[in-house]
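Colleague: sequence plus the predicted model coming up.
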Amino acid sequence: MRILNLQAAWLVLFPALLAGQTPDTPPPVRHDSVEVHDTVPGDPAASSPATSVKPADVKDLPSRPATVNDALPLLPGIVRSPQGGLKINGSGEQRSALLVNQADVTDPATGAFGASVPVDSVEIMNVFRTPFLAQYGRFSSGVVAVETRRGSDKWHFELNDPFPDFRFRSWQLRGLQDASPRLVVGGPLIEGRLYFAQTVLYDVQKTPNRTLPFPDNTSKQERINSFTQLDYFLNSKQYLTATLHLTPQHINFVNPDFFNPLPVTPSYRQQNYLGTVTDHWALGQGMLESAVSIQRFDAVVGSQGPAPMFLLPQGSAGNYFANQDREAGRIELTETWSPAKIHDWGTHDLKFGALVTHTSDSGAFSAKPINIEDAAGQLLQRIDFTGGSPYSHYDVETTLFSQDHWSLARGLALDLGTRLERQSISETFRIAPRAGLSWAPFSGQRTVVQAGYGIFYDRVPLGVYAFDRFPQRVVTNYAPDGTLLGPPVTYLNLTGYAATPNSLLIHAENQPGNFAPHTGTWNVHIEHTVSPNLRIRAGYTDSQSSGLILLDPVVTAGTNALVLNGSGHARYRAAEITAKVRWKGSQWFLAYTRSRSQGDLNDFTGFLGNYPLPLVRPNVFSNLAADLPNRFLAWGTMKLPWRMQILPILEYRNGLPYSQYDVLGNYAGTPNTSRFPDFFSADARIMKDIRVSPKYTVRLSVTGNNLTNHFNALAVHSNLADPQNGIFFGNYTRRFRADFDVIF
């Protein structure tokens, strides 16, 4: 209650709040080389510190990130799960926002990031772990804000990874392993007026999983990722930006492993189109920005055949049980106004905005039977599916925000703001007050203290409201001799209510699905510039989440049901220290994070996402899947003689948590309290550029992965009925790769 009263006080005292600085009119000509830094130390505007990444610093690293999503695990607080999704501050993608030129690009149905912009098209990538600026919404964990680059004043061409890599085993050629040529083109179509930039990535990946024997261990992915941008300068005060992002993708055999071999894996096909047009208009000393974005996100999830799915202690057999075909879309209109600075009791930089978003989701979900058997193949339980029908939903979100960056004195500033949100499908109205402080207590402003507190709300994806149209589960249990243990039990699919629908900051109608997942976050950071070549930042973050959407099996008054409800909780705490070191053309980024991530395990995304889990267990509050008590990360660039470079990546962390299960797949003991062995990886890439003519440069490189050959287990036998229970296995041993790029 004290927290709510404090939030109300901010609303009363500061009704038109928090702003970024008024941008200057962009020049009609830009340079090819743009220097991007972390948040500027000593800048009192930086109450919400961001980690800013320059694409040139990361795209040549050993991991060779081709897209924004590929580059994110290089930052503290962000890891990639074994299933391939991103975890930010211990939470899944659906609790974070991904913005490209301020446009929301997440999947309207699931909230997941999906395919992202090629890294070659990126001007700057800002990752806000705790942004207290009211302009950011639809998240409770973090924000990835990407700004793309326009064409330069001179034509520029790049051809990266032009030739495929082949797989060799026992010194014999065993076919194509991957091919990922990337073409980058940019320049002026009309000198000083119209600029063009284009990146095209064609990617074929045959990714093996080392828990399975070759050749029956390979996931096959094919995708095209095309990003086009046009910038047209009408005059010195107004210009237009138009972008088109196309990402068709197909994956056969999604995430195979020992427990889910190729026939059990799903397949995935996606068509994603996003177009945006933004008008930037300098009015007086202010800036008016108007934007429209249109997105189409269609997906098909299938199985490898018509057979049922079999779950055994040693692993699965048959075919994946779930199939879905959906079509989702988003139309978003945005207006933001940054007026001239106001000089009254300091300086005020104001920013106001309004957003209207229409989203839609339609499709159908079907499922095949699931058989649970013991190690000898004796049937113990059968899950059939009955009913189900096509679904179609739409939503209209409206948002207003105001923010004020208030510079009270040299080295002291406040960021104050409020965001008002309404989501029609959930019939909820939400108020999100936020406040931040930046203080440079000493002369020279080499030391900056940053702190803040804010309320944040997750978007509720439309897939949540399709659950009552999914087929219902019918569970039949069998004795060891094959006889029935009672009649079959049918579980209804029900959409429940938020645990506490109304409060001072949330108003919701008394109807099913009135969800408003929210988080209260505070943090404090201290940043000190030791020298021009060394900057150190330390901080602590505490986030407490409530109203999260869970799927719970419930038995009340003789009725069995799977109920979506808004009673989930989570907590994330992290202490972090980072350093950026530069010397003689080389640089290092180093980070250590001590964190704890706990919450309810039955998050809806495990059952309503692209690849639903076959079993629904009773909910438990425990360590989350991305809980990492300790993580050390280091990467950078080092200059070598003969115009060579070495780019290393070092990572040490505790192993991810996992659960033990009994023969029926139920939790055995408290889930996620056991851990994989500690993970350590040392990767490096050595590069040398050879200029073959004034116009052409060839870049030769050799990449080594897991150079210490450390055993990083990929899987564990975690079923108590498995004869190999407790054994860790699977590892990517030391390996090398040679390639070259052409720059012209």
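Modeller: In hand now; what should we look at? Note that this is a predicted model, so its numbers are computed, not measured.

Colleague: all helices for the protein, in order.
Modeller: With DSSP state H as the criterion, the chain has helices at 2-13, 55-58, 68-71, 605-608.

Colleague: and the pLDDT at the residue most central in space within the chain?
Modeller: The residue lying closest to the centre of the chain (C-alpha atoms, centre = their mean) is Glu93, at 4.1 Å. The score at Glu93 is 91. That number is its pLDDT.

Colleague: any idea what Gly599 is bridged to?
Modeller: Assessed by DSSP bridges, Gly599 has beta-bridge partners Ala570, Ser622.

Colleague: now do the same contact list for Gly585.
Modeller: Lys639 (C-beta atoms under 8 Å, 6 or more residues apart in numbering). The C-beta positions use only the backbone N, C-alpha and C, and glycine is treated the same way.

Colleague: what's the distance between it and Gly187?
Modeller: According to C-beta to C-beta, to the nearest Å, Gly585 and Gly187 sit 28 Å apart.

Colleague: then Val127?
Modeller: 30 Å.

Colleague: so for these two, which sits in the more crowded spot?
Modeller: Between Val127 and Gly187, counted using other C-beta atoms under 10 Å, Val127 has the larger neighbour count: 23 against 16.

Colleague: returning to that earlier point: what about the residue nearest to the centre of the chain, distance to Gly111?
Modeller: 7 Å.

Colleague: equivalent analysis for Pro261, please.
Modeller: 30 Å.

Colleague: between the two, which is the more surrounded one?
Modeller: Shown here are Pro261 and Gly111; by other C-beta under 10 Å, Gly111 has more neighbours (28 against 19).

Colleague: got the contact list for the closest residue to that one other than its chain neighbours?
Modeller: Nearest non-adjacent residue to Gly111, counting by C-beta to C-beta, 6 or more residues apart in numbering: Gln94, 3.3 Å away. By C-beta under 8 Å, 6+ apart, the contact set of Gln94 is Thr106, Thr110, Gly111, Ala112, Asp458, Arg459, Pro461, Thr605.

Colleague: ok, so of the residues you listed, who is nearest Tyr273?
Modeller: Thr106 (14.4 Å; C-beta to C-beta).

Colleague: hmm, Leu98 and the closest one touching each other?
Modeller: Yes: using C-beta atoms under 8 Å, Thr106 makes contact with Leu98 at a distance of 5.5 Å.

Colleague: overlap of the contact sets of those two?
Modeller: With C-beta under 8 Å, 6+ apart, Thr106 and Leu98 have common neighbours Phe113.

Colleague: nearest spatial neighbour of Ser595, chain-adjacent residues omitted?
Modeller: Nearest one to Ser595, counting by C-beta to C-beta, 6+ apart, is Ala574 at 3.8 Å.

Colleague: how many residues are close by Thr106?
Modeller: 23.

Colleague: could you measure from it over to Gln295?
Modeller: Counting by C-beta to C-beta, the gap from Thr106 to Gln295 is 9 Å.

Colleague: who touches Arg269 in this structure?
Modeller: Gln249, His250, Ile251, Ala299, Val300, Gly302 are the contacts of Arg269 under C-beta under 8 Å, 6+ apart.

Colleague: how far away is the fifth one from Thr708?
Modeller: Using C-beta to C-beta, we find Val300 at a distance of 42 Å from Thr708.

Colleague: more neighbours: which of these two?
Modeller: The neighbour count for Val300 versus Thr708, taken as other C-beta under 10 Å, is higher for Val300 (16 against 10).

Colleague: so the more buried one makes contact with Asp325?
Modeller: Yes: applying C-beta under 8 Å as the test, Val300 and Asp325 come out as touching, 5.0 Å apart.

Colleague: surely Cys305 and Tyr320 touch.
Modeller: Just to correct that, residue 305 is Gly rather than Cys. No: taking contacts as C-beta under 8 Å, Gly305 lies outside contact range of Tyr320: 9.1 Å.

Colleague: much appreciated, bye for now.
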